[in-house]
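Trainee: Turn this into a model:
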Amino acid sequence: MSWLSDNRTLLVKAIVSARGAPPAAPSVPVGPNVEETAGKTSRIPTYQDLLRTAHDEDLFAYYGESQLRTVDVVTGTSTAIGTPGIYTSVRFSPNENYLLVSQVRQPFSTRVPFFYFARTSEVWERSGKLVKVIADLPVSDEVPTQGVPKGPRNVQWQELHPAKLVWAEALDEGNPTRKVPHRDKLMTLSAPFSAEPSELLKLEHRFAGIEWTSHRDHAVLSEVNRDKRWRTTALVNLLHPAKDRKVLFDLSINDVYNDPGRPVMQTDRKGGTTILQDGDWVYLTGRGASEQGDRPFLDRLNVKTLKKERLFQSDERSLEQFLAFVDDGRNTILTRFESKTQPPNFYIVDRKSKKRTFLTDFIDPAPELTGIQKELLRYNRPDGVALSGTLYLPPGYKTGTRLPTLIWAYPLEYSDPATAGQVRSSPNAFTFLRGTSPLFFLTQGYAVLMDATMPVVGDPETMNDTFVDQIVSSAKAAIDKLDSMGVADRSRMFVSGHSYGAFMTANLLAHSDLFAAGIARSGAYNRSLTPFGFQSERRSFWEATETYTKVSPFTFANKINEPLLLIHGEMDNNQGTHPIQSDRLYQAVSGHGGTVRLVMLPYESHGYSARESVLHVIAEMLEWADKYVKNRVSPSGRK
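Mentor: As a prediction, this is how the structure comes out:
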């Protein structure tokens, strides 16, 4: 639901009053479930939870259908708008005379999620009468890898205009590998929507978003160069976009050290969102990544001169984030403050006097763990790539004691070593032990190297050719660092990760003897089951068969000779991590005499939510590590 500007009327998607009971499943099959294709090139990712049967389609239509209504919250009366449909988004124009309505239509698909079904974007009068069809798109089951659908997309109202639409359309048929001078174009159409759409401007690279400034027709526009992994952000005047364009930021999408941050936004009483602006000055807030860790900041930027001024930044001993301005003078701000020993709380801060006022007083939920030691580690891989991670030591740790140690990681891809080595964490964040966090190992006397970086660096088209070599090298560098500090016992190291981190874990066990054991949660281990790409891989299985085979731990199940705990949700709906991935790896390792345990969590998806599941996962992880790591007999004969 959304508010209208009179502060008493709501626009809602309501359940259809006469929809009746849900469609009953047929007592006997009405026939086979058939799929057929001819002449299409459908490089579809491995989506989960798709429609499969005619009954699934009936249920989707039943539960997805709604009736648009305006509701007077004072009187309780409501008025229907149009007829029932499967509406995915609805928004009034700024003058509230028109509606932009997006809805899903038949035919549905068994190959793609609902947002790629046949769909329309239309302009309606407030009464529900159709004014203009902006987009009438078929099922999008031929979208190229890392591409976009053909036709209008990202249709939206332009802020500060009574009723004016803006949207993007691909000029390369949505295919990022086609060589074209321009990838996208921006189109526009204004009330009364009787004319044909007109082109605003062409974009050299893929449209990546637009944010409206407080000056009408001026916008901050972003486009992304997929080949270079580069983002360009420019201030444009949409009345003269070709000549009135000023680049504000131009940098790698992975460069967090030079990330300028995001504009501070404001919302008007009609629900319109624009960049907060005082004259030529806009405000930017970001994480402030640095070699010493995150130091969140608030800047102001003059969009004419590009002069930048820092208004606020977290100090080196805490982690304090700007959230909002409190006064129109921009001197008083709302922040969220935390440190290693102080849990997060909200403050009102006077930037000039430095006076701080408590808004909340949340206490440490587990003071018994206050003694946890925490340190940002930086070290290098043999090839010179800088690495980092946050080392946690249990309360009461005595210097020089070698502990059983967990390395928890998630590999990320980079085009160059410089951005790969940037620190992306803060040693000053307060430590919470929540959910299935690996930090629970601290309560049992383990050391934990959290978020150890495992960068995969290289040409975006081929970097996974060396995936295995790079993660093994990164893991060894982390172990060498911990060993040199006298913190870790090399014979009692174990590795763990979730999703792509689980994929990494199984690969490390298959291709090295660095670890005593591993714990892999909700991963994918056979890349032939994700044949049209995975993570940032751009090639298909048939284009890079050798790479897909080499990076699949399933292929090397006979070499996984360290104990491996596999955990997976039985209803995992994440793209690529179907539960069969863990089941088949378990069968493969078991078939070669390996030590492996498979834990399937009922009703759980990619993450684990139920209290029973969370507690069980923690218990499984601790027991596995105690059995095969902490109490492992080392080559010297000691535990």
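Trainee: hang on, isn't V326 packed against I333?
Mentor: Yes: counting by Cβ atoms under 8 Å, V326 does reach I333; the two are 6.1 Å apart. The C-beta positions use only the backbone N, C-alpha and C, and glycine is treated the same way.
Trainee: what number of residues lie near the closest residue to V90 other than its chain neighbours?
Mentor: Sequence neighbours aside, V101 is the residue nearest to V90 in space, at 5.2 Å (criterion: Cβ to Cβ, 6 or more residues apart in numbering). Neighbourhood size, V101 [other Cβ atoms under 10 Å]: 22.
Trainee: V101: helix or strand, and which one exactly?
Mentor: With elements delineated by DSSP states H and E, V101 resides in strand 98-104, which encompasses its position.
Trainee: What of G518?
Mentor: Using DSSP H and E, G518 falls within strand 517-521.
Trainee: Now do that strand: everything it contacts.
Mentor: Among residues not part of strand 517-521, those counted as contacts by Cβ atoms under 8 Å, 6 or more residues apart in numbering are 436, 494-499, 501-503, 505-506, 508-509, 562-568, 582, 617, 621, 624-625, 628-629, 632.
Trainee: try stretch 32-40
Mentor: With Cβ under 8 Å, 6+ apart as the contact definition, stretch 32-40 has outside contacts at 52-54, 110-111, 141-142.
Trainee: go again using 10 Å as the cut-off
Mentor: Outside of stretch 32-40, the residues within contact range by Cβ atoms under 10 Å, 6 or more residues apart in numbering are 52-56, 109-111, 141-142.
Trainee: What is the nearest of the residues you listed to L186?
Mentor: Closest approach between those and L186, by Cβ to Cβ: E142, at 23.6 Å.
Trainee: so when I look at that closest one, I'm seeing a helix, right?
Mentor: No: remark: E142 does not belong to a helix; assigned using DSSP: H, G, I helix; E, B strand; the rest coil, it is coil.
Trainee: Near it, how many other residues are there?
Mentor: When counting by other Cβ under 10 Å, one arrives at 21 neighbours for E142.
Trainee: And the pLDDT for it?
Mentor: The model reports E142 with a pLDDT of 90.
Trainee: longest single strand anywhere in the chain?
Mentor: Taking residue count as the measure and DSSP state E as the definition, the longest strand of the chain comes out as strand 78-92.
Trainee: partners of that one in the sheet?
Mentor: Partner strands for strand 78-92, per DSSP bridges, with pairing direction: strand 66-72 (antiparallel), strand 98-104 (antiparallel).
Trainee: roughly how far is that strand from the heart of the chain?
Mentor: 29 Å (Cα atoms, centre = their mean, to the nearest Å).
Trainee: Stretch 395-404 too?
Mentor: What separates the centre of stretch 395-404 from the centre of its chain is 35 Å, taken as Cα atoms, centre = their mean.
Trainee: counting contacts, what elements does the helix or strand E612 falls within pack onto?
Mentor: Mapping E612 onto the secondary structure by DSSP H and E places it in helix 611-625. In this structure, helix 611-625 makes packing contacts with strand 403-409, strand 488-498, strand 517-521, strand 564-569, strand 596-601, judged by 3 or more Cβ pairs under 10 Å, 6 or more residues apart in numbering; DSSP states H and E.
Trainee: Would you mind identifying the next helix or strand past the strand holding V101?
Mentor: Tracing the chain past strand 98-104, the next element assigned as helix or strand by DSSP H and E is strand 119-125.
Trainee: quick one: D58 is in a helix?
Mentor: Yes: membership of D58 in a helix is supported by three-state DSSP.
Trainee: what's the nearest residue to it if we skip its chain neighbours?
Mentor: Distances taken as Cβ to Cβ, 6+ apart place P23 nearest to D58, at 4.1 Å, with adjacent residues excluded.
Trainee: Break this structure down into its domains, please.
Mentor: Per the record, the chain has its domains at 1-29+41-141, 285-363, 367-630, by automatic domain parsing.
Trainee: which of those sits most buried?
Mentor: Mean neighbour counts were taken over the domains of the chain using mean count of other Cβ atoms under 10 Å, and the top value, a mean of 20, falls to domain 367-630.
Trainee: distance between that one and the chain's centre?
Mentor: 19 Å.
Trainee: Average pLDDT for that domain, rounded please.
Mentor: Mean predicted lDDT for domain 367-630 stands at 96.
Trainee: Distance of L68 relative to F92?
Mentor: 11 Å (Cβ to Cβ, to the nearest Å).
Trainee: which residues do these two both contact?
Mentor: In contact with both L68 and F92: 11, 99, using Cβ under 10 Å, 6+ apart.
Trainee: Include distance to E204 when you put the domains of the chain into CSV, please.
Mentor: As requested, the domains of the chain are exported to CSV (distance: least, Cβ to Cβ, whole Å):
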stretch, distance to E204
domain 1-29+41-141, 24
domain 285-363, 21
domain 367-630, 18
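Trainee: And the ones you listed: which comes nearest R216?
Mentor: Comparing these under Cβ to Cβ, the one sitting nearest is domain 1-29+41-141, at 10.9 Å.
Trainee: Okay, strands next: where are they in the stretch 201-350 of the chain?
Mentor: Assigned strands in the stretch 201-350 of the chain, in chain order: 206-212, 218-225, 230-237, 245-252, 262-263, 265-267, 273-275, 277-278, 281-286, 297-302, 308-313, 319-325, 332-338, 345-350 (criterion: DSSP state E, counting those that start in this stretch).
Trainee: Would you convert these into a markdown table that also reports mean pLDDT and distance to R381?
Mentor: Conversion of the strands of the stretch 201-350 of the chain to a markdown table gives the following (pLDDT from 0 to 100; distance: least, Cβ to Cβ, whole Å):
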| stretch | mean pLDDT | distance to R381 |
| --- | --- | --- |
| strand 206-212 | 97 | 31 |
| strand 218-225 | 97 | 27 |
| strand 230-237 | 96 | 24 |
| strand 245-252 | 96 | 20 |
| strand 262-263 | 97 | 31 |
| strand 265-267 | 94 | 40 |
| strand 273-275 | 96 | 40 |
| strand 277-278 | 95 | 44 |
| strand 281-286 | 97 | 27 |
| strand 297-302 | 98 | 30 |
| strand 308-313 | 97 | 31 |
| strand 319-325 | 97 | 27 |
| strand 332-338 | 98 | 31 |
| strand 345-350 | 97 | 39 |
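Trainee: Now render those as a markdown table, adding distance to D364.
Mentor: As requested, the strands of the stretch 201-350 of the chain are arranged in a markdown table below (distance: least, Cβ to Cβ, whole Å):
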| stretch | distance to D364 |
| --- | --- |
| strand 206-212 | 38 |
| strand 218-225 | 40 |
| strand 230-237 | 39 |
| strand 245-252 | 39 |
| strand 262-263 | 31 |
| strand 265-267 | 33 |
| strand 273-275 | 36 |
| strand 277-278 | 39 |
| strand 281-286 | 27 |
| strand 297-302 | 27 |
| strand 308-313 | 25 |
| strand 319-325 | 15 |
| strand 332-338 | 11 |
| strand 345-350 | 11 |
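Trainee: Enumerate the positions of stretch 181-198 that are buried.
Mentor: 183-189, 191, 193, 197 (16 or more other Cβ atoms under 10 Å).
Trainee: can you tell me which of those are in helices?
Mentor: Counting by DSSP state H, the buried residues of stretch 181-198 place none of their members in helices.
Trainee: Of these, which belong to strands?
Mentor: Mapping these onto strands (DSSP E) picks out 184-189.
Trainee: by how many degrees do the longest helix along the chain and strand 488-498 diverge?
Mentor: Within the chain, and with DSSP H defining each element, the longest helix by residue count is helix 467-484. Regarding helix 467-484 and strand 488-498, their directions subtend 140 degrees when assessed with axes from the mean of the first three to the mean of the last three Cα atoms, to 10 degrees.
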